[in-house]
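Participant: Sharing a sequence plus its predicted fold:
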Amino acid sequence: MMKLLAKMLAKNALVALANKMARIAWAILAKGGAHRAPALPVAA
């Protein structure tokens, strides 16, 4: 039962992430903007 629950939670997380990415892509396309990846900090 725990394995099934863990799989269901993982699938839910994947669906949520895909939904978030789709919303971001839609917003960029709808507004005609360009996505800028966040700048990575440079190690000194």
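Facilitator: Sure, I can see it.
Participant: Tell me the predicted confidence for residue 40.
Facilitator: Looking at residue 40, its pLDDT is 75.
Participant: Now the phi/psi pair for it, please.
Facilitator: phi -90, psi 140 (degrees, to the nearest 10).
Participant: Tally up the residues packed near residue 9, please.
Facilitator: 10 (other C-beta atoms under 10 Å). C-betas here are computed from N, CA, C, even on glycine.
Participant: Just give the number of residues close to residue 14.
Facilitator: Residue 14 has 10 nearby residues by other C-beta under 10 Å.
Participant: Retrieve the pLDDT associated with it.
Facilitator: At residue 14, pLDDT is 88.
Participant: For the remainder of this discussion, apply numbering that starts at 313.
Facilitator: Let's use 313 as the start, then, which means that last one is residue 326.
Participant: what about it, is that helix, strand or coil?
Facilitator: What DSSP: H, G, I helix; E, B strand; the rest coil gives for residue 326 is helix.
Participant: Likewise for residue 353?
Facilitator: Following three-state DSSP, we place residue 353 in the coil state.
Participant: Contact partners for it?
Facilitator: Contacts for residue 353 were tallied using C-beta atoms under 8 Å, 6 or more residues apart in numbering; there are none.
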